[in-house]
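Asker: below is the sequence, then the predicted model.
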Amino acid sequence: MNLFAEMRAQVVESLGAMVAAGDLPEGLDFANVTVEPPRDTAHGDMATNAAMVLARPARMKPRDIAQILAERLVADPRIETAQVAGPGFLNLRLAGAAWSGVVEAVLAQGADFGRSRIGAGSKVNVEFVSCNPTGPLHVGHTRGAVFGDALSALLDFAGFEVTREYYINDGGAQVDVLARSVYERYREAHGLAPEIAEGLYPGDYLVPVGQALRDKVGDAYLDKGEEVWLDELREFATDAMMEMIRADLAALGVEMDVFFSEKSLYGTGQIEAAIELLRDKGLIYEGVLEPPKGKKPEDWEPREQTLFKSTEYGDDVDRPVKKSDGSWTYFAPDIAYHYNKIERGFDALIDVLGADHGGYVKRMKAAVQALSDGRVPLDIKLTQLVRLYKNGEPFKMSKRAGSFVTMRDVVERVGADVTRFVMLTRKNDAPLDFDFDKVLEQSRDNPVFYVQYAHARVHSVLRKAEAAGIALSDTPDLSDPAEFAVAKKLAEWPRLVEIAARTHEPHRVAFYLYDLASEFHALWNRGNEKPELRFLQDGDAAASAAKIALPRAVAVVISAGLAILGVTPATEMR
């Protein structure tokens, strides 16, 4: 049940009747007609822009359209009043039975309330995390991991077929650096002093990897040149790092469907095939780029390179895919990888990247548009930095990674549920402050606690009802404005799901849950002033059963929302 969608359908049906009656001209497009919450709830429960968007094509005054529409809408028993406001907006106030119907729908549909079909089974690939396999995940990766996982769950809830994917960057020079770093830890495992030269990875996390290598090959690589061990150590070290990364993701509750290796693109003809496809489209050429704007790098020189005409798709400059020495640029395997996704039949692609990849957006969108002839959209979501605080001051934790705070450090300190919820309390492209004190405090200022507390309060009521032998009812008793406020917030859930899914913004779910919890806590506190609003009515089992229906519905929606965020709902607070 989506009450807003139902009301919009009623508005559109009424507009059609107005056309049939000659009150509106034929041929009008109703696509931009909306029904949504009013900016000021004092004006009503819902508002429609129908008269405003149809006035010009109908060549009528918007208030005239709104007045006729209002007269038709009030014939619907769910609509109590329809009032014209301002230049032609129409504010609707719904009857109490409509809001009771929402509560009944929540209880009838359970966790499926709000589930949408807007995805219609479209196949979406969500690539996220995808960090270099050179160490454990850090706190910045945590935000991308949570965002990507929650977005995937949201899209699934909205009817899309989602694949969660991790791109293993194991084809670049960083893997050689990793192998050399592990070799020094291997020497250390044999009692020798490691020589961690500048440029190698210094983190202690490589100590057990060096020990594992010693256990596997003994002293076979000691005092041997790179030509003996480098190739095997690349694979050995990458596998060890990916095992660590998988464990980090598991600790956060993230499970990938696909791990795709960059290395698999090399020597298989996939890069060449993607570039040749672009060449066949006339988008690959040999040329010399203009020098970078601003201060020219000292090592820059005009060299002929193989270039992709990304400017034809909105990029600032054309991008090299092959260097003057004949080797591929970093961009070339990225093109091939996305071509691979297109060939796998995905209808849409989403990449979740760190904010430092901002310069990557235009070129990659250009490549995907060219490769798919505009058929497959690519949305690139950038996640901004996470700043750690304790007692209001910047906080530095142990850095066993050598240069950064790990995901595991954060999760072990506050738990996966808190970590995930907090990471979604800001829009992805806004910096996020993670204060270790605030995320654990029990107050309204802590959204994690506030939402969980609402869910736990409901279960406290249910336990007391069960102990009292009260049979539950799916028919609510709503009479007070505070009760209706909760029911109205519940009605927004299906609409919120569709908006968040279309915009790829899972943080909207966290915001909504906080607002729902606020309305519920306000109702709870209202019961302290008005005993007739308490969920458990002394000596009246039937009244109690009816009153409990509303909080039960609240718990259903909070649980469903938390499931999208990957957070376990609390049934009691400690």
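Answerer: Looks like it came in fine. Residues are numbered from 1 along each chain as shown.
Asker: from here on, just use CA atoms for contacts and neighbour counts.
Answerer: OK.
Asker: wait, residue 202 touches residue 196, no?
Answerer: Yes - contact criterion Cα atoms under 8 Å: residue 202 and residue 196 qualify, at 6.4 Å.
Asker: list the contacts for residue 477?
Answerer: By Cα atoms under 8 Å, 6 or more residues apart in numbering, the contact list for residue 477 reads 100, 543, 546, 547, 549.
Asker: ok, now residue 571?
Answerer: If you count contacts by Cα under 8 Å, 6+ apart, then residue 571 has 455, 456, 457, 459, 460 around it.
Asker: roughly how far apart are it and residue 425?
Answerer: Residue 571 sits at a distance of 22 Å from residue 425 (criterion: Cα to Cα, to the nearest Å).
Asker: what do you get for residue 129?
Answerer: 19 Å.
Asker: comparing these two, which residue is more hemmed in?
Answerer: residue 129 (26 against 19; other Cα atoms under 10 Å).
Asker: find the nearest non-adjacent residue to the more buried one, please.
Answerer: residue 145 (5.4 Å; Cα to Cα, 6 or more residues apart in numbering).
Asker: tell me the secondary structure for the one you found?
Answerer: helix (DSSP: H, G, I helix; E, B strand; the rest coil).
Asker: neighbours around it, how many?
Answerer: For residue 145, the neighbour count with other Cα under 10 Å is 28.
Asker: same question, residue 342
Answerer: So residue 342, with other Cα under 10 Å, has 19 neighbours.
Asker: thinking again about what came up before, which residues are in contact with each of residue 202 and residue 196?
Answerer: residue 181.
Asker: spatially central residue in this protein, please.
Answerer: Central residue of the chain (Cα atoms, centre = their mean): residue 151, 2.9 Å from the mean position.
Asker: quick check: next helix or strand after the helix or strand encompassing that residue?
Answerer: Here residue 151 sits within helix 139-157, counting by DSSP states H and E. Remark: after helix 139-157, the chain's next helix or strand is strand 161-168, criterion DSSP H and E.
Asker: the strands in the stretch 351-500 of the chain, which residues?
Answerer: 378-383, 386-390, 393-394, 432-435 (DSSP state E, counting those that start in this stretch).
Asker: deepest of those, which one?
Answerer: strand 378-383 (a mean of 21; mean count of other Cα atoms under 10 Å).
Asker: what helices and strands are in contact with that one?
Answerer: Secondary-structure packing of strand 378-383 (3 or more Cα pairs under 8 Å, 6 or more residues apart in numbering; DSSP states H and E): strand 348-354, helix 361-371.
Asker: mean neighbour count, distance to residue 467 and mean pLDDT added to the ones you listed, as TSV?
Answerer: As requested, the helices and strands packed on strand 378-383 are exported to TSV (neighbours: other Cα atoms under 10 Å; distance: least, Cα to Cα, whole Å; pLDDT from 0 to 100):
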stretch	mean neighbour count	distance to residue 467	mean pLDDT
strand 348-354	21	48	97
helix 361-371	21	58	97
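Asker: okay, now the unreliable bits of this protein?
Answerer: Regions of the chain meeting the criterion pLDDT under 70 cover residues 294-301, 396-404.
Asker: show me how this protein divides into domains.
Answerer: 3-94, 266-383, 447-565 (automatic domain parsing).
Asker: right, so of these, which gets closest to residue 112?
Answerer: Comparison of those against residue 112 by Cα to Cα identifies domain 447-565 as nearest, at 8.0 Å.
Asker: how far off centre is the closest one?
Answerer: Remark: domain 447-565 is offset 24 Å from the chain centroid, using Cα atoms, centre = their mean, to the nearest Å.
Asker: check stretch 332-343 too.
Answerer: The answer for stretch 332-343 is 23 Å, by Cα atoms, centre = their mean.
Asker: with just CA atoms, put it into CSV.
Answerer: Presented in CSV, the C-alpha positions along stretch 332-343 are these (Å, rounded to 0.1, in the frame of the first residue of the first chain):
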residue,chain,number,x,y,z
ALA,A,332,42.3,1.4,-20.4
PRO,A,333,41.6,-1.5,-18.0
ASP,A,334,38.9,0.5,-16.4
ILE,A,335,37.2,0.9,-19.8
ALA,A,336,37.5,-2.8,-20.4
TYR,A,337,36.1,-3.6,-16.9
HIS,A,338,33.0,-1.5,-17.5
TYR,A,339,32.6,-3.0,-21.0
ASN,A,340,32.7,-6.4,-19.3
LYS,A,341,29.8,-5.3,-17.0
ILE,A,342,27.8,-4.1,-20.1
GLU,A,343,28.5,-7.4,-21.8
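Asker: top helix in the chain by residue count?
Answerer: The residue-count maximum for a helix in the chain (DSSP state H) belongs to helix 226-252.
Asker: so what strands line up beside the helix or strand following that helix?
Answerer: The first helix or strand that comes after helix 226-252 along the chain, using DSSP H and E, is strand 258-261. Sheet pairing here is set by DSSP bridges, and for strand 258-261 it gives strand 161-168 (parallel).
Asker: what separation do you get for residue 226 and residue 233?
Answerer: 10 Å.
Asker: could you do residue 142 as well?
Answerer: Taking Cα to Cα, one finds residue 142 at 27 Å from residue 233.
Asker: repeat for residue 469
Answerer: On the measure of Cα to Cα, residue 469 and residue 233 end up 66 Å apart.
Asker: what does residue 267 give?
Answerer: 20 Å.
Asker: give me the phi and psi for residue 328.
Answerer: phi -70, psi 150 (degrees, to the nearest 10).
Asker: contact partners for the closest residue to it other than its chain neighbours?
Answerer: Nearest residue to residue 328, sequence neighbours excluded (Cα to Cα, 6+ apart): residue 322, at 4.4 Å. Applying Cα under 8 Å, 6+ apart, we find residue 322 in contact with 305, 306, 307, 328, 329, 332.
Asker: those residues, buried ones only, as a ChimeraX selection?
Answerer: The buried subset of those, as determined by 16 or more other Cα atoms under 10 Å, is captured in ChimeraX by this line:
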select :305,306,307,328,332
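Asker: between the contacts of residue 322, which sits nearest residue 277?
Answerer: For those, the nearest to residue 277 is residue 332 (12.5 Å; Cα to Cα).
Asker: element containing that closest one, please.
Answerer: With DSSP H and E as the criterion, residue 332 is inside helix 331-343.
Asker: what are the buried residues along that helix?
Answerer: 331, 332, 333, 334, 335, 336, 337, 338, 339, 340, 341, 342.
Asker: and the furthest pair within those?
Answerer: Most distant of the buried residues of helix 331-343, by Cα to Cα, are 331 and 342, 16.7 Å apart.
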